[in-house]
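[1] sequence and computational prediction follow.
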Amino acid sequence: MRRPAPALVTAAAALLLGGCSLLPGGGEPEPAPVGTAASVASEAATDPALAAFYGQDLEWADCGGGFECTRLTVPVDYAEPSGATASLAVVRLRTDAAGDDRLGSLVLNPGGPGASGVEYARAAANVVTDDVRAHFDVVGFDPRGVGGSDPLQCLDAAEVDEFLAADPTPDDDAEVRRLQELSAQLGRGCAASGELAAHVDTRTAAKDLDVLRAVLGDEKLTYLGKSYGTYLGALYAEQFPQRVGRLVLDGAIDPSLSSAQVNAGQAAGFELALRSYVQDCLAGEECPLSGGTDAAVGQVGALLQRLDAEPLPAGGRELTQGLAYYALAYPLYAPSLWPRLTEALTAALAGDGTAMLVLADAYAARRADGGYANNSSTVIHAVNCLDRADEQTPAQVRASVPEFEAASPTFGAFLAWGGLTCAEWPVPAVGPAAPVDAAGSAPILVVGTTRDPATPYAWAQGLAEQLDSGRLLTYDGDGHTAYRTGSACVDEAVDAYLLAGELPEGNARC
């Protein structure tokens, strides 16, 4: 969801995992078997001004749990590499394998934009299989502007609260103006973070990824990107096709889509996921909904409409319509969270919004003390508004609402009005959306889930078709992304590719 909280993310529970303490000092890493950082740097850094970045020596320090942490230095603006620099947080879990059994580094990105790759790598035991961990150093990094990597500080906690709780489906001109004011305040706050705010776009982040690859000592990139991480991986492959090793893009985003198309696709995706949840709920004994699927989905929509007029009490706070949308979306990312949604809806329909507010807070990484664990709820907009130069006017958004609602009665208006966020963004976008083909790259594995709420299956089909070397693996299932979410079939296919370069057959389905 482009407004006002992250939806282009991986399974939401991953965002709740703890990060590491990034301590200075420590020794230099052992050389990776595929080459040294110096030799890889000399091949990759065609601009002499970038050689210092590609050839830097990382100082790793033990940061607990068997992990090592460090900082990577990159130029804020690659067009002016002698100018300001940014520092990226990096973590790795080293393999004990040696010789031919050691396959180098597997770099992870969980999505967002705004999710922490450091936190995601910290969960390596759940994110990748034992076999993959046995052969790769598992590496995570927080992209520029995110989390522990010189983050953009756009709003304080109270302002984030106000932004997330605001009415996302304005009914009159005054409510539209209020939505515009909050978006403008966010944009001003991000711009006030300094020069970095103009350079947190995904194409630039992909350049950072290549610096990381080289400094880790890998001649080619091995990468697992989920959700927005697939967009980062696709733009990496487009810019550095000769450096593509084995890329897994799971829960894919179609790079050719405009912002409006992304919002419309997600509206339909969340509607499909909601219907799947409702069918499961109605088959149980404690579902607060009744009737057939259409009637039960309508009851959820009616609750959201009531909250638009009158928020529910929620443990000293209020459950607004805006917060309820995130509470509803969060469990749709993973069927394992569906029972929590059932409990929350039961309480909300009885007049208590506390349980739904807990879900909304989990989605936004809001802590019990009122602060936020990271800047994911705000930096997502700084990235998205740079990536696509197709902002909409209030009149254009208003005109699109009926079409959105026809495709998604529950989420349509919410995501249609999300098009306002970038309308007056103070930093110019880097360019429009465009297809990628990564001509000349090694084969790339794209994974799509048929009832994925946040990255609809059609997007995976689109990306796989655009890539010259793309191969699509389909998972017939629910939830956001497929690898390590419960399908042994998917896990085996992805592992065969990562470990041995073996692609699934064409039109493979799990």
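    Perfect, thanks for sending it. Numbers count the residues shown, from 1 in each chain.
[2] going by C-alpha atoms from here, please, whenever you check contacts or count neighbours.
    Fine.
[3] name the residue most distant from the centre of this structure?
    Largest separation from the mean C-alpha position in the chain: Gly291, at 35.2 Å (C-alpha atoms, centre = their mean).
[4] secondary structure class for it?
    Using DSSP: H, G, I helix; E, B strand; the rest coil, the structure places Gly291 in coil.
[5] and Ala350, how far from Ala493?
    Ala350 sits 45 Å away from Ala493, taking C-alpha to C-alpha, to the nearest Å as the criterion.
[6] circling back: need the pLDDT of the residue farthest from the centre of the chain.
    For Gly291, the pLDDT comes out at 97.
[7] what of Leu386?
    Reading off the model, Leu386 has pLDDT 95.
[8] now the one 5 residues further on
    Predicted confidence (pLDDT) at Glu391: the value is 77.
[9] ok, it touching Cys422?
    Yes - look at Glu391 against Cys422 with C-alpha atoms under 8 Å: they come within range, at 5.5 Å.
[10] which one of those two has more residues nearby?
    Ranked by neighbour count (other C-alpha atoms under 10 Å), Glu391 and Cys422 place Cys422 first, with 30 against 20.
[11] next one: phi and psi at the more buried one?
    Backbone geometry at Cys422, expressed as degrees, to the nearest 10, gives phi -90, psi 0.
[12] from Gly187, how far off is it?
    The gap separating Cys422 from Gly187 is 8 Å, by C-alpha to C-alpha.
[13] list the buried ones in the helix or strand hosting Ala184?
    Per DSSP states H and E, Ala184 falls inside helix 173-191. Residues of helix 173-191 classed as buried by neighbour count (16 or more other C-alpha atoms under 10 Å): 176, 179-180, 182-191.
[14] what of stretch 49-65?
    For stretch 49-65, a neighbour-count test (16+ other C-alpha under 10 Å) marks 50-51, 53-63 as buried.
[15] export those as a markdown table, with columns for pLDDT and distance to Ala86.
    Converted to a markdown table, these look like this (pLDDT from 0 to 100; distance: C-alpha to C-alpha, whole Å):
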| residue | pLDDT | distance to Ala86 |
| --- | --- | --- |
| Leu50 | 95 | 14 |
| Ala51 | 94 | 16 |
| Phe53 | 97 | 11 |
| Tyr54 | 96 | 14 |
| Gly55 | 95 | 16 |
| Gln56 | 96 | 14 |
| Asp57 | 95 | 16 |
| Leu58 | 95 | 15 |
| Glu59 | 95 | 16 |
| Trp60 | 97 | 18 |
| Ala61 | 97 | 20 |
| Asp62 | 97 | 22 |
| Cys63 | 96 | 21 |
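[16] so what's the residue nearest to Ala192 when sequence neighbours are not counted up against?
    With sequence-adjacent residues excluded and distances taken as C-alpha to C-alpha, 6 or more residues apart in numbering, Ala192 is closest to Cys154, at 7.4 Å. By C-alpha atoms under 8 Å, 6 or more residues apart in numbering, the contact set of Cys154 is Leu186, Gly187, Arg188, Gly189, Cys190, Ala191, Ala192, Ser193, Thr378, Val379.
[17] any idea which of the residues you listed the model trusts least?
    Ser193 (92).
[18] residue ranges of the strands in the stretch 101-250 of the chain, please?
    For the stretch 101-250 of the chain, the strands defined by DSSP state E, counting those that start in this stretch cover 105-109, 137-141, 221-226, 244-250.
[19] in JSON lines, list those along with distance to Asp210.
    Converted to JSON lines, the strands of the stretch 101-250 of the chain look like this (distance: least, C-alpha to C-alpha, whole Å):
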{"stretch": "strand 105-109", "distance to Asp210": "11"}
{"stretch": "strand 137-141", "distance to Asp210": "12"}
{"stretch": "strand 221-226", "distance to Asp210": "8"}
{"stretch": "strand 244-250", "distance to Asp210": "10"}
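[20] and for Arg275, the neighbour number?
    Taking other C-alpha under 10 Å as the criterion, the count of residues near Arg275 is 17.
[21] now do it against Leu307, distance only.
    In this view, Arg275 and Leu307 are 21 Å apart by C-alpha to C-alpha.
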